[in-house]
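Visitor: all I have is the shape, not the residue letters:
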């Protein structure tokens, strides 16, 4: 499915979001590092999760997939072939320091824009810990074993660098300290990492400068379930706000996922958002522009931007410069898509200024970016006239069944 045509049709009904991709990466990593029998449920499928599973198996994880989940056994010696991270930034940034802490000499590769995405601060930390690293970009090869000690990382480039070193620290055999040299962004993702490490028996202390991981710890096997994905729920929250009425199941109200604030932000636009038991419900209402600080929630920007396109007045999205280094330059891709639909949008170095109106159907470039494709599918459902979106297959990266759920809600999509 390279292109999809979408005709206007309000989205209404009930949908269950898939398991959180962010949580799944972390759960699978902790389970593999425990090196003892345990189970992670439910089974979940996406290109990014497939990349992490492959990387873990290459490092020696014993993983059996069944319909109800993933079953883990003893950690074995790794294989010598390169680790293909696909297009998953999470996979390379989490597994690179883990492989170093395990003392594995291995080559990491990737596809798409992943080789262009920065790794310099992480590879510099690994080099400081005694690991030889052939390059600051993929493909790269590491040799040696990561030592315990102090590691300095910026907090405002990628929280995944920090999570990767946190995961690796217990494997070094001694005390590890992570010192943040700039203010931390995407705090919710670090909180999620700490939550999963704690579930598998690892204690991490927060310090004034960052984090301290005491030595002498080991991951302890435990069975665990993966909660629903708030970042994917954001697309349906946007749809409900713009012109539908949608009930979303599978979410944790007290989730550590930073993207849970999507519900609050959609409500700030003016939509009616409330919990009915364990179901999150959103209903359309007159929308107005708001100001959004995206520093902690970069993945929500495409969904919030298309919501803003239907809101009266101006919406300002700022502190989102990191979006230029995602699967696409998401600020540019979002601006281009909105302009194609007749929306007044100004692209800033770190954000967008969007003046809402009535978007019209258009030909949209999906930029091989799953979040761009899903966001503009929602916009197209409420636009005036038909739309086409290229690179629709990009949804496999995080949400392979998105268009199936889109159609269950009444969406009118057709592969062309």
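Guide: Looks like it arrived, so ask away. Since we're looking at a predicted model, the values are computed, not measured.
Visitor: so where do the helices sit in this structure?
Guide: According to DSSP state H, the chain carries its helices in the segments 21-34, 47-58, 89-101, 120-128, 159-168, 187-199, 230-243, 262-269, 301-308, 330-340, 370-382, 402-408.
Visitor: can you put those in a markdown table and add mean neighbour count?
Guide: Every residue, glycine included, has its C-beta placed from N, CA and C. Shown next, in a markdown table, are those (neighbours: other C-beta atoms under 10 Å):
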| stretch | mean neighbour count |
| --- | --- |
| helix 21-34 | 26 |
| helix 47-58 | 22 |
| helix 89-101 | 27 |
| helix 120-128 | 19 |
| helix 159-168 | 26 |
| helix 187-199 | 20 |
| helix 230-243 | 28 |
| helix 262-269 | 21 |
| helix 301-308 | 30 |
| helix 330-340 | 23 |
| helix 370-382 | 28 |
| helix 402-408 | 18 |
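Visitor: so which of those helices is nearest residue 256?
Guide: Nearest to residue 256 among these is helix 187-199; the distance by C-beta to C-beta comes to 4.6 Å.
Visitor: and that closest one, what does it pack onto?
Guide: helix 21-34, helix 159-168 (3 or more C-beta pairs under 8 Å, 6 or more residues apart in numbering; DSSP states H and E).
Visitor: to residue 326, which of those helices lies closest?
Guide: helix 159-168 (12.0 Å).
Visitor: residues contacting residue 295?
Guide: 156, 185-186, 319-320 (C-beta atoms under 8 Å, 6 or more residues apart in numbering).
Visitor: can you tell me how far it sits from residue 22?
Guide: Between residue 295 and residue 22 the computed distance is 17 Å (C-beta to C-beta, to the nearest Å).
Visitor: swap in residue 293?
Guide: Counting by C-beta to C-beta - residue 293 and residue 22 are separated by 20 Å.
Visitor: how about residue 337?
Guide: Residue 337 sits 24 Å away from residue 22, going by C-beta to C-beta.
Visitor: quick one on the thing from earlier: who wins for proximity to residue 314 among the helices of the chain?
Guide: helix 301-308 (8.4 Å).
Visitor: roughly how far does the residue nearest to residue 273 when sequence neighbours are not counted sit from residue 406?
Guide: Closest residue to residue 273 apart from its sequence neighbours, by C-beta to C-beta, 6 or more residues apart in numbering: residue 267 at 4.2 Å. Applying C-beta to C-beta, the value for residue 267 to residue 406 is 23 Å.
Visitor: ok, now which ones touch residue 55?
Guide: 83-85, 91, 95.
Visitor: got the contact list for residue 303?
Guide: Residue 303 touches 234-235, 237-238, 262, 371, 374-375, 378, counting by C-beta under 8 Å, 6+ apart.
Visitor: can you do 10 Å?
Guide: Contacts for residue 303 (C-beta atoms under 10 Å, 6 or more residues apart in numbering) come out as 231-239, 241, 259, 262, 265-266, 334, 371, 374-375, 378-379.
Visitor: and the gap between it and residue 351?
Guide: Distance from residue 303 to residue 351, by C-beta to C-beta: 15 Å.
Visitor: and the contacts of residue 55 as JSON lines, adding distance to residue 364 and pLDDT?
Guide: Output for the contacts of residue 55, formatted as JSON lines (distance: C-beta to C-beta, whole Å; pLDDT from 0 to 100):
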{"residue": "83", "distance to residue 364": "34", "pLDDT": "96"}
{"residue": "84", "distance to residue 364": "29", "pLDDT": "97"}
{"residue": "85", "distance to residue 364": "28", "pLDDT": "97"}
{"residue": "91", "distance to residue 364": "28", "pLDDT": "98"}
{"residue": "95", "distance to residue 364": "33", "pLDDT": "98"}
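Visitor: make TSV out of the residues you listed and add distance to residue 345.
Guide: Listed next are the contacts of residue 55 as TSV, based on distance: C-beta to C-beta, whole Å:
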residue	distance to residue 345
83	39
84	36
85	33
91	32
95	37
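Visitor: could you report the pLDDT at residue 1?
Guide: Residue 1 carries a pLDDT value of 64.
Visitor: now swap in residue 157 and tell me
Guide: 87.
Visitor: distance check, it against residue 325.
Guide: Relative to residue 325, and taking C-beta to C-beta, residue 157 is found at 9 Å.
Visitor: same check, this time on residue 404
Guide: Residue 404 is 30 Å from residue 325, by C-beta to C-beta.
Visitor: just for this protein, where's the confidence low?
Guide: 1 (pLDDT under 70).
Visitor: shouldn't residue 322 be in contact with residue 157?
Guide: Yes. In this structure residue 322 lies within contact range of residue 157 using C-beta atoms under 10 Å: 7.3 Å.
Visitor: next one: phi and psi at the closest residue to residue 170 other than its chain neighbours?
Guide: Among residues not flanking residue 170 along the chain, residue 217 sits closest, at 4.6 Å (C-beta to C-beta, 6+ apart). Main-chain torsions, residue 217, degrees, to the nearest 10: phi -110, psi 160.
Visitor: could you measure from residue 217 over to residue 197?
Guide: 9 Å.
Visitor: what is in contact with these two at once?
Guide: In contact with both residue 217 and residue 197: 169-170, 203-204, using C-beta under 10 Å, 6+ apart.
Visitor: and the residues you listed, which two are furthest apart?
Guide: 169 and 203, at 10.8 Å, using C-beta to C-beta across those.
Visitor: which of these two has more neighbours?
Guide: Neighbour totals were compared for residue 169 and residue 203, and residue 169 leads with 30 against 12 (other C-beta atoms under 10 Å).
Visitor: what distance do you get for the closest residue to residue 307 other than its chain neighbours to residue 354?
Guide: Nearest residue to residue 307, sequence neighbours excluded (C-beta to C-beta, 6+ apart): residue 238, at 4.5 Å. Distance, residue 238 to residue 354, by C-beta to C-beta: 13 Å.
Visitor: can you work out which residues contact both of the two?
Guide: 304-310.
Visitor: of all these, which comes closest to residue 329?
Guide: For the shared contacts of residue 238 and residue 354, the nearest to residue 329 is residue 305 (13.7 Å; C-beta to C-beta).
Visitor: from residue 292, how far out is the closest one?
Guide: From residue 305 to residue 292 the distance is 9 Å (C-beta to C-beta).
Visitor: that older thread, so what's the residue nearest to residue 170 up against?
Guide: Counting by C-beta under 10 Å, 6+ apart, residue 217 has contacts 169-171, 173, 197, 201-204.
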